[in-house]
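>>> For reference, the sequence and a predicted model appear below.
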Amino acid sequence: MKKKRGMMIGAIVLVVVLLFMTFRTTLFDPLGFRVKQALNISSSTSSDDEPIVFIHGFDGSNWTFFTTTVRYSATNFATRSLTLLVRENGDIEASGVYDKGMKRPMIRVNFENPRSIIPNNATWFSKAMDMLKNDYGIEKVDIVAHSYGGLTFVNFLQKYNYQSDSYPKVDKFTAIGTPFNGSAVSSDGLTPYDLTATGPKKRVSLFSRNDEA
């Protein structure tokens, strides 16, 4: 009897904790957001709550930013929202929930072929951005890109008129470990791209254009 009572108390405590986390954080988004909508519970938003779009690097996947989005959700900094899987033929599979009432919706853009060349990635990313603007009505985004994903985004900026009405405007761009000046490394571990007090020993054309800008 006491054992059953203890199990029931434990189950009740677990349910209470889960409900608390659902409503006090965004850990279970988008489920939590759906529940709050059903119960007509409003979420506080501000002008800084524009969506954050994540781009994985070479050979990346949906797991690349998984811990990041969970951490942001658990601390109530942002809301897990959409995942867009861009197929090699340009088709997009969208999953998740997006609503303008969400707090900093986090949107992950994944590529079916994560090892493709940068121009292909840029083309696929342009289709994702087009969907965000025209299907979801998103006007402005922040971009967070890891490694190769940063080069994908820069190529998107160079290849497409991102100021056109076809894409959301980009407010902030954060690159994590992106090799803007190349990544060639010889067998002895040396590279002509090592940094000096005045910059890289050797600059590729992309780095030079960025520097001039």
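That came in fine, so what should we check first?
>>> So which residues of the protein form strands?
Remark: strands assigned in the chain by DSSP state E are 52-55, 79-86, 92-96, 105-111, 140-146, 169-176, 195-196, 199-200.
>>> quick one: contacts for A145?
Residues near A145 by Cβ atoms under 8 Å, 6 or more residues apart in numbering: 54-55, 57, 152-153, 173-176, 178. From N, CA and C alone the C-beta is placed, and that goes for glycine too.
>>> Can you tell me how far T75 is from W63?
Summarising the geometry, the distance separating T75 from W63, computed by Cβ to Cβ, to the nearest Å, is 20 Å.
>>> and what of E139?
For E139, the distance to W63 equals 29 Å [Cβ to Cβ].
>>> the more surrounded of the two?
Between E139 and W63, counted using other Cβ atoms under 10 Å, the more crowded position is E139 (14 against 10).
>>> on that earlier part again, got TSV for the strands of the chain, with mean pLDDT and distance to A122 too?
Rendered in TSV, the data for those read as follows (pLDDT from 0 to 100; distance: least, Cβ to Cβ, whole Å):
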stretch	mean pLDDT	distance to A122
strand 52-55	98	10
strand 79-86	93	11
strand 92-96	93	15
strand 105-111	96	11
strand 140-146	96	12
strand 169-176	94	14
strand 195-196	62	27
strand 199-200	62	24
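>>> quick one on the thing from earlier: now list the buried members of the contacts of A145.
In terms of neighbour count (16 or more other Cβ atoms under 10 Å), the buried residues within the contacts of A145 are 54-55, 57, 152-153, 175, 178.
>>> need the contact list for K172.
With contacts taken as Cβ under 8 Å, 6+ apart, K172 has the following neighbours: 142-143.
>>> Bridged to it, which residues?
With DSSP bridges applied, K172 shows beta-bridge pairing to D142.
>>> how about the helices in this protein?
Using DSSP state H, the helices of the chain run over residues 2-24, 31-38, 66-74, 118-134, 148-159, 205-212.
>>> Which secondary structure elements does the fourth one sit against?
To tie it back to what came earlier, the one meant is helix 118-134. Helix 118-134 makes packing contacts with strand 52-55, strand 79-86, strand 92-96, strand 105-111, helix 148-159 when contacts are defined by 3 or more Cβ pairs under 8 Å, 6 or more residues apart in numbering; DSSP states H and E.
>>> Of the strands of the chain, which is nearest I9?
Distances from I9 to each of the strands of the chain were compared using Cβ to Cβ; the minimum, 31.1 Å, belongs to strand 79-86.
>>> Tell me which strands that closest one pairs with, and in which orientation.
Sheet pairing here is set by DSSP bridges, and for strand 79-86 it gives strand 92-96 (antiparallel), strand 105-111 (parallel).
>>> What does the nearest residue to M129 once chain neighbours are set aside show for phi and psi?
With Cβ to Cβ, 6 or more residues apart in numbering as the criterion, M129 has its nearest non-adjacent residue at 4.3 Å, and that residue is Y167. With angles defined as degrees, to the nearest 10, Y167 sits at phi -130, psi 150.
>>> which ones are touching Y167?
Taking Cβ under 8 Å, 6+ apart as the contact definition, Y167 lies against 126, 129-130, 132-133, 160.
>>> again, 10 Å this time
Taking Cβ atoms under 10 Å, 6 or more residues apart in numbering as the criterion, Y167 is in contact with 125-126, 128-134, 138-139, 141, 156, 160-161.
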